[in-house]
Structures are given as structure tokens and as C-alpha cells.
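Novice: Let's see this in three dimensions:
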Amino acid sequence: MISSLLPSFRLALGFLLLLALWGAVPLRGEEPSIPIAPGDPWTRSDILLPKDFLALQKPGSPSYRIFQVGFPFLYKAGHIHGAIYIGAGKDPEGIQALKDALSSLPKDQKILLYCGCCPLDVCPNIRPAFQAAKELGFSDAKVLYLPHDFVQDWTHKGYPTEKGW
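Specialist: As a prediction, the model looks like this:
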């Protein structure tokens, strides 16, 4: 009796294992979990993964204006092609420079803000910069998701960079 149930049990166990593996995030190719802290000024829809940002930067499609809101040595060492250096978002001068740069753009302009000095969840620059863009009424302001830093999450992945000013 037990031996006749064994094939059915193995089949059911195999099916459950297959379901468990299918639900595993890396095997399904789903996006990584992006933590949003209660005090963060953005939602998940305000964040772009590097690969998604690059996919959106196709010829003929509306381009993002890219602003680096970190420290000058980071920009000089390597930045996203076409990025404009603004200054540290944690400083009033950096926020004023961002406001000045945004003042001539239409409110529906696609803008991307990034810093890359450290993990996004503790970055002192990105939150004030994003908040300033939103307060100015930019409806399509995005944050580049760099969970570690610019070097690890952009440069080491082979994404295009420029150096210098």
C-alpha cells in the first residue's frame, strides 16, 4: 500500500519544489527589492534602476536631463555621460544650483538625480535634491537607484561614464 503511494508522493513533492523555485526572485528575473523608508520623499515609481534608465535613453525618445548632486571629486572621477554637476545636495549652495539649473526647464522635463557617494539609504545629498525638484513642480523627477555607490553600481557594471569636467 505504501509503495503504491510513493510515486504520487514523489510527484507531489517535485511539483511543490518546482513551485518554490519558480517563486524565487532571482530565478524569475524580477527586479530587486528597493527599500523605501518612511521618511523618503520618493515612491518606488520615482526610482530608476541603472539598466532601466539606460533602456529609456534611446535615440529618438525624450531624454532625461541628468544631474549629479554629489561631491566634486566623484563627478571628476567618473560620471554618467551628459550629467551636469550641481554640487552637494546637502548644502544650501548645491540646492540653489539645482534650482537655478531647473528654472529654465519645463515642469514636465524628465530629470534624473543621482549622487553615488554612498548607499542610497544613507546618502546625505539625494533626498534634499529630490525634494527640491518636487517642490519646484517637476512631475517626472527620478532618482537613480545606487544601493551601494556609483563605482559598484554603475562603473563596475560597465555602464558608460565620462571623466573630468
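Novice: Do a quick rundown of the strands in the chain.
Specialist: 47-48, 65-68, 79-80, 84-85, 111-114, 141-144, 161-162 (DSSP state E).
Novice: Now distance to A37 too, for those strands, in a markdown table please.
Specialist: Yep, even glycine has a C-beta here, placed from its N, CA and C like the rest. Converted to a markdown table, the strands of the chain look like this (distance: least, Cβ to Cβ, whole Å):
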| stretch | distance to A37 |
| --- | --- |
| strand 47-48 | 12 |
| strand 65-68 | 22 |
| strand 79-80 | 25 |
| strand 84-85 | 27 |
| strand 111-114 | 17 |
| strand 141-144 | 13 |
| strand 161-162 | 28 |
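Novice: Can I get these in a markdown table including mean pLDDT and distance to P128?
Specialist: Shown next, in a markdown table, are the strands of the chain (pLDDT from 0 to 100; distance: least, Cβ to Cβ, whole Å):
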| stretch | mean pLDDT | distance to P128 |
| --- | --- | --- |
| strand 47-48 | 96 | 16 |
| strand 65-68 | 97 | 13 |
| strand 79-80 | 96 | 19 |
| strand 84-85 | 96 | 16 |
| strand 111-114 | 98 | 10 |
| strand 141-144 | 97 | 12 |
| strand 161-162 | 94 | 24 |
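Novice: Just put the ones you listed in a markdown table and tack on mean neighbour count and distance to R127.
Specialist: Compiled in a markdown table, the strands of the chain are given as follows (neighbours: other Cβ atoms under 10 Å; distance: least, Cβ to Cβ, whole Å):
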| stretch | mean neighbour count | distance to R127 |
| --- | --- | --- |
| strand 47-48 | 18 | 12 |
| strand 65-68 | 22 | 14 |
| strand 79-80 | 24 | 19 |
| strand 84-85 | 16 | 19 |
| strand 111-114 | 26 | 10 |
| strand 141-144 | 24 | 9 |
| strand 161-162 | 14 | 24 |
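Novice: among these, which is nearest V151?
Specialist: Ranking the strands of the chain by distance to V151, with Cβ to Cβ as the measure, places strand 161-162 first at 9.7 Å.
Novice: who are the neighbours in contact with L113?
Specialist: 67, 69, 89, 126, 129-130, 133, 141-144 (Cβ atoms under 8 Å, 6 or more residues apart in numbering).
Novice: if we go to 7 Å?
Specialist: 67, 69, 126, 129-130, 133, 141, 143 (Cβ atoms under 7 Å, 6 or more residues apart in numbering).
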